[in-house]
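Here is a sequence with its predicted model. Questions after.
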Amino acid sequence: MEQPQAAMASEAGAGVDADAYRIRPLELGDLSKGFCDLLAQLSPSAPLTEDSFRSRFAELAALGGDHLVLVAEDAGTGRIAAAGAVLVERKFIRRCGTVGHVEDVVVDAAARGRGLGERVVRRLVEHASARGCYKVILNCTPELRGFYAKCGFMEKNVQMGLYF
Ligand SMILES: CC(=O)SCCNC(=O)CCNC(=O)[C@H](O)C(C)(C)COP(=O)(O)OP(=O)(O)OC[C@H]1O[C@@H](n2cnc3c(N)ncnc32)[C@H](O)[C@@H]1OP(=O)(O)O
């Protein structure tokens, strides 16, 4: 089962040949295309079993467009070169407004610096906008301020965390 197609719009990131990578929703077959290896560049963790991947994929797919994982597939190699996710939060405030949360953005180390990360983030933002979100927010380390500023974000408030 595939997640719904994100809203398509003009591709950002002039540094990348738009045909070199196909940005699309995550598919079940992406497990064998290096999706989890790519995520390990974001946060090292033990490899996922196929069952775990399928089970989480099904949970997310059931949320429809409220949880979109995008990947960028390298047209030449078929490998997953970048990924990112956006979750749509449904609020009571703001007349039952919705907020997009961008998470888990990563570009393969060999493909960085060519505009692919920006393209993925802009597509996630477009999806949130198309679903009526009044804002999109994310947490990142201070070193990434410049990257997210390039993607159109501005610094606001303070991130707090409590880990278990
Ligand atoms: C909400 C979250 O998920 S936060 C976690 C973010 N992910 C990570 O930290 C994982 C490791 N890092 C990566 O995967 C990548 O380096 C990313 C995703 C941060 C950036 O992806 P890239 O494809 O390399 O970035 P991209 O080439 O699209 O850069 C777009 C612009 O941002 C700039 N930029 C990229 N990284 C940085 C940075 N760390 N600091 C400042 N500017 C940056 C680029 O120079 C470029 O500017 P330009 O258009 O003037 O040339």
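Happy to help now that I have it.

what's across from the nearest residue to Leu26 once chain neighbours are set aside in the sheet?
Nearest residue to Leu26 in three dimensions, chain neighbours excluded: Val69, at 4.0 Å (Cβ to Cβ, 6 or more residues apart in numbering). Bear in mind the C-beta positions are built from the backbone N, C-alpha and C, glycine included. Applying DSSP bridges to Val69 gives these bridge partners: Ala85.

Equivalent analysis for Val107, please.
Per DSSP bridges, the residues bridged to Val107 are Ala82.

and it, what does it touch?
With contact set as Cβ atoms under 8 Å, 6 or more residues apart in numbering, Val107 has these partners: Ala72, Ala81, Ala82, Leu116, Gly117, Val120.

what about Val69, neighbour count?
By the criterion of other Cβ atoms under 10 Å, Val69 has 23 neighbours.

Buried ones in stretch 44-60, by neighbour count?
For stretch 44-60, a neighbour-count test (16 or more other Cβ atoms under 10 Å) marks Leu48, Phe53, Phe57, Leu60 as buried.

Please state the offset of that stretch from the chain centre?
Relative to the chain's own centre, stretch 44-60 is displaced by 16 Å; criterion: Cα atoms, centre = their mean, to the nearest Å.

Please apply the same query to stretch 136-146.
14 Å.

First-to-last residue distance for it?
17 Å (Cα to Cα, to the nearest Å).

Would you mark the buried spots in that stretch?
Val136, Leu138.

That one near the ligand at all?
Yes: legend: contact between stretch 136-146 and the ligand by Cβ under 6 Å from any ligand atom is shown at Leu138, Cys140, Glu143, Leu144, Gly146.

now swap in stretch 154-164 and tell me
No: judged by Cβ under 6 Å from any ligand atom, stretch 154-164 makes no contact with the ligand; its nearest approach is 10.4 Å.
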